[in-house]
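Peer 1: sequence unavailable; structure follows:
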């Protein structure tokens with residue numbers, strides 16, 4: 001007989017997944033608002049240790065060629081996690097080098113993998129550890145280490161939780177680092193620019209490089225009357241002029257030449273490219289310098305403009321009436337050149353800052369959106385609403401595109417949910433009709449491999465009807481796994497090019513994984529509801545049956561017994577042996593039927609009685625039951641061997657029925673023994689208690705053991721062992737209602753062992 005799960009009690013894996021989602025929601029919400037690394041360390045270590053019950057944690061960050069301890073929680077300085085060179089082998093450096101988390105689940109596995117770790121660090125390794133690399137856009141940032149004082153099996157949900165947390169921690173640390181570095185760069189560049197007051201005032205805060213070059217030319221024209229100056233960009237392997245002084249308009253041949261582009265090996269450009277320093281040429285020789293149409297100049301200077309160590313532009317100045325560069329004139333040109341370089345760097349920094357701020361904003365929105373999504377996914381069990389909520393979040397973080405959820409129906413891929421405009425009416429029509437399974441790689445591959453497929457440059461020719469999807473530039477397709485099976489494909493096609501960054505992939509993976517968990521929870525909730533409805537219907541049927549037993553069966557039984565007695569009184573006192581035997585059979589059968597009715601009513605009451613959660617001392621329960629046996633059967637000599645029994649949570653009255661059933665069963669089936677031995681003991685099984693009652697009675701054939709917990713089923717003759725055969729069935733129902741199970745083992749002529757388990761956090 002199979003018992004349904006109690007209502008409102010989801011499977012343990014769903015409980016764990018939901019619990020980890022709650023922790024992940026809280027961490028991502030907190031990380032989204034942080035700008036300081038220390039605050040990131042505190043939140044991550046606190047929540048991870050709380051979520052997994054860890055002993056302590058350490059955060060180590062990359063500084064130059066070393067991995068340095070940045071924060072600890074619940075650990076002392078004698079931990080094995082110490083500062084070390086990135087070149088040294090070890091669990092932290094290995095995890096960071098391979099970008100792969102390391103899990104050591106049993107005592108000694110860490111030391112076995114790294115035998116010299118304790119000797120080199122002077123610390124003692126924990127029983128179990130997890131080492132999580134922090135990597136952002138391929139750049140190693142550090143590691144998070146978690147230690148446990150007991151062996152710890154990292155479940156798939158825990159591993160996904162830790163890896164996702166490491167990704168978000170890396171994002172938060174990188175955001176804090178970028179904000180700090182960029183602020184410092186802006187401050188440094190601004191300080192340098194302020195040193196060149198005169199040019200700064202002339203430039204008036206201009207950030208357009210070409211406009212700044214024009215202002216520099218105006219300043220130099222005042223300082224060097226009659227000079228010619230020009231600003232060149234490195235473009236297509238040549239120096240091409242972008243801005244120049246107006247006097248070049250009067251030199252059409254020279255202007256045409258520099259507009260066409262100057263070769264890289266032109267000496268006046270090649271030398272500063274090699275040295276990174278300005279070049280001053282006295283006694284200008286056009287032929288020697290390979291610079292045609294410049295006969296009118298006597299001295300020339302060029303200043304390389306570098307950004308991030310790379311020369312990106314060149315500023316040139318030609319003087320017609322001065323054959324040599326004086327120290328004063330060189331200083332003036334250097335000053336203007338440095339100002340231009342600083343302005344160029346400032347402009348580039350401002351551009352990078354704007355781009356990085358936009359990226360930081362996108363990442364912050366992703367963190368906040370994911371936090372909101374995990375909250376929303378817990379509020380509904382409607383599958384379509386869950387899918388569309390996930391799609392809406394993803395589209396809010398990406399450039400224009402659409403999101404679709406595909407499922408297999410027959411031999412076709414069909415769209416079951418869609419958010420956004422697909423861009424072509426004919427594509428929408430084709431999607432409604434469905435694409436063939438096995439001929440649409442963008443959907444088939446994730447379904448077969450169970451791995452996401454990120455296409456930075458989407459190739460429409462690979463899929464069915466490429467002319468319908470040629471307007472798509474970038475596509476991500478991810479399998480949604482529910483209950484271990486791929487239930488559908490989550491696709492995000494974009495209309496413009498978009499390389500999928502590590503942050504993009506992390507957000508999509510996490511969103512789809514969370515969606516899978518939410519859909520699994522929704523399905524489990526639906527099943528629990530169905531089971532609850534079925535159980536309610538069964539209870540109603542049982543109540544109707546109980547009513548029938550109480551009223552419809554009891555009366556005929558009383559009539560049989562009563563009229564049997566009346567019949568005996570009407571007959572002569574001396575009757576034949578057969579008549580006396582027949583009347584005795586009638587009385588015995590009526591009594592037996594009454595006993596069976598009482599047993600059924602007892603099972604019914606135990607099944608319908610509300611559970612009262614309280615602390616129950618099993619020592620006292622079994623002691624009381626033994627006392628009842630001694631009072632009822634004083635003639636029995638029983639050797640009781642009772643061990644220590646735990647205190648559990650449950651209904652005291654119902655659990656006493658279980659104890660009574662097991663003890664009475666042992667007493668009954670040992671009455672033929674010269675020395676009856678009954679043992680009672682308990683075992684701690686981590687999450688539950690197991691309680692056993694063993695006897696040396698007649699035992700039973702294990703082949704028929706499944707009948708023991710079925711009402712009215714017997715393995716022995718009723719003439720040998722009386723009773724209605726319902727007590728064990730009743731005990732099993734009671735234990736199941738407490739979230740436990742019952743077991744039975746036995747051998748004929750040897751004895752039997754009956755047991756039950758109860759969870760330590762019993763309902």
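Peer 2: Nice, I can see it. Keep in mind the model is a prediction, meaning the values are calculated, not measured.
Peer 1: drop to CA atoms for contacts and neighbour counts, all remaining ones
Peer 2: OK.
Peer 1: show me what secondary structure element comes after the helix-or-strand element of the chain with minimal mean pLDDT.
Peer 2: For the chain, counting by mean pLDDT, DSSP states H and E, helix 197-203 ranks last in confidence among helices and strands (a mean of 57). Going down the chain from helix 197-203, the next helix or strand is helix 209-223, by DSSP states H and E.
Peer 1: show me what contacts residue 250?
Peer 2: By Cα atoms under 8 Å, 6 or more residues apart in numbering, residue 250 lies in contact with nothing.
Peer 1: for it, give its distance to residue 491.
Peer 2: 61 Å (Cα to Cα, to the nearest Å).
Peer 1: now swap in residue 433 and tell me
Peer 2: Counting by Cα to Cα, the gap from residue 433 to residue 491 is 17 Å.
Peer 1: give me the more crowded residue out of those two.
Peer 2: residue 491 (24 against 13; other Cα atoms under 10 Å).
Peer 1: which SS class is the nearest residue to that one once chain neighbours are set aside?
Peer 2: If the residues on either side of it in the chain are set aside, residue 491 comes closest to residue 477, at 4.3 Å by Cα to Cα, 6 or more residues apart in numbering. For residue 477, the assignment made with DSSP: H, G, I helix; E, B strand; the rest coil gives strand.
Peer 1: got the contact list for residue 477?
Peer 2: Counting by Cα under 8 Å, 6+ apart, residue 477 touches 442, 443, 446, 452, 453, 454, 489, 490, 491, 492.
Peer 1: what is the neighbour count of the first one?
Peer 2: A total of 24 residues lie near residue 442 under the criterion other Cα under 10 Å.
Peer 1: any idea which helix or strand carries it?
Peer 2: Per DSSP H and E: residue 442 is located in helix 441-449.
Peer 1: so how far is residue 339 from residue 138?
Peer 2: For residue 138, the distance to residue 339 - Cα to Cα - is 35 Å.
Peer 1: neighbour count winner among those two?
Peer 2: Neighbours per residue, other Cα under 10 Å: of residue 138 and residue 339, the larger number sits with residue 339, 24 against 10.
Peer 1: give me the pLDDT for the more buried one.
Peer 2: Looking at residue 339, its pLDDT reads 77.
Peer 1: can you tell me the SS state at it?
Peer 2: helix.
Peer 1: next one: residue 405 from residue 448, what distance?
Peer 2: 16 Å.
Peer 1: who has more neighbours out of those two?
Peer 2: Neighbours were counted for residue 405 and for residue 448 using other Cα under 10 Å; residue 405 has more, 25 against 12.
Peer 1: quick one: average confidence on the helix or strand containing the more buried one?
Peer 2: Assessed by DSSP H and E, residue 405 sits inside strand 403-409. Averaged across strand 403-409, pLDDT comes to 93.
Peer 1: what sits closest to the one residue sitting closest to the centre of the chain if chain neighbours are left out?
Peer 2: Centroid check for the chain by Cα atoms, centre = their mean gives residue 161 as the closest residue, at 3.3 Å. In this structure, residue 161 finds its nearest non-sequential neighbour in residue 20, 6.7 Å apart by Cα to Cα, 6+ apart.
Peer 1: for the one you found, give me the pLDDT.
Peer 2: Looking at residue 20, the pLDDT reads 79.
Peer 1: helix or strand: which one has residue 508?
Peer 2: helix 502-548.
Peer 1: what's that helix packed up against?
Peer 2: Using 3 or more Cα pairs under 8 Å, 6 or more residues apart in numbering; DSSP states H and E as the contact test, the elements touching helix 502-548 are helix 12-31, helix 156-194, helix 327-377, helix 383-396, strand 474-482, helix 577-608.
Peer 1: give the burial count for residue 639, as a bare number.
Peer 2: By other Cα under 10 Å, 11 other residues sit near residue 639.
Peer 1: let me see the domain layout of this protein.
Peer 2: Following automatic domain parsing, the chain resolves into domains at 12-183, 195-353, 547-608, 614-759.
Peer 1: which one of those domains lies nearest to residue 389?
Peer 2: If you check each of the domains of the chain against residue 389 by Cα to Cα, domain 12-183 wins as the nearest, at 15.8 Å.
Peer 1: now residue 223: how far from residue 673?
Peer 2: From residue 223 to residue 673 the distance is 123 Å (Cα to Cα).
Peer 1: equivalent analysis for residue 660, please.
Peer 2: Residue 660 sits 20 Å away from residue 673, going by Cα to Cα.
Peer 1: cool, residue 625 as well?
Peer 2: Counting by Cα to Cα, the separation of residue 625 from residue 673 is 21 Å.
Peer 1: ditto for residue 246
Peer 2: In terms of Cα to Cα, residue 246 sits 123 Å off from residue 673.
Peer 1: same check, this time on residue 236
Peer 2: Applying Cα to Cα to residue 236 and residue 673 gives a distance of 104 Å.
Peer 1: if we can go back for a sec, quick one: which of the contacts of residue 477 sit in helices?
Peer 2: 442, 443, 446 (DSSP state H).
Peer 1: next up, the contacts around the first one.
Peer 2: If a contact means Cα under 8 Å, 6+ apart, then residue 442 has 453, 463, 477 as its contacts.
Peer 1: which non-adjacent residue is nearest residue 460?
Peer 2: Using Cα to Cα, 6+ apart, the nearest residue to residue 460 is residue 466, at 4.8 Å.
Peer 1: ok, the one you found touching residue 441?
Peer 2: No: between residue 466 and residue 441 no contact is recorded; they are 12.0 Å apart, counting by Cα atoms under 8 Å.
Peer 1: the two: which is more packed in?
Peer 2: residue 441 (15 against 12).
Peer 1: any idea how far the more buried one is from residue 178?
Peer 2: As judged by Cα to Cα, residue 441 and residue 178 stand 39 Å apart.
Peer 1: and residue 130, that one's in a helix?
Peer 2: No: Residue 130 is assigned strand when assessed by three-state DSSP, not a helix.
Peer 1: pretty sure it is touching residue 100, no?
Peer 2: No: counting by Cα under 8 Å, residue 130 stays clear of residue 100, with 11.0 Å between them.
Peer 1: and these two? which has more neighbours close in?
Peer 2: In terms of neighbours (other Cα under 10 Å), residue 130 is the more surrounded of residue 130 and residue 100; the figures are 24 against 15.
Peer 1: now that one: closest residue in space that isn't a chain neighbour?
Peer 2: residue 103 (4.6 Å).
Peer 1: surely the one you found meets residue 131?
Peer 2: Yes: counting by Cα under 8 Å, residue 103 does reach residue 131; the two are 6.5 Å apart.
Peer 1: of these two, who's got more company?
Peer 2: Between residue 103 and residue 131, counted using other Cα under 10 Å, residue 131 has the larger neighbour count: 25 against 21.
Peer 1: quick check: phi and psi on the nearest residue to the more buried one once chain neighbours are set aside?
Peer 2: Using Cα to Cα, 6+ apart and skipping residues adjacent in sequence, the residue nearest residue 131 is residue 145, 4.6 Å away. For residue 145, the backbone dihedrals are phi -120, psi 130 (criterion: degrees, to the nearest 10).
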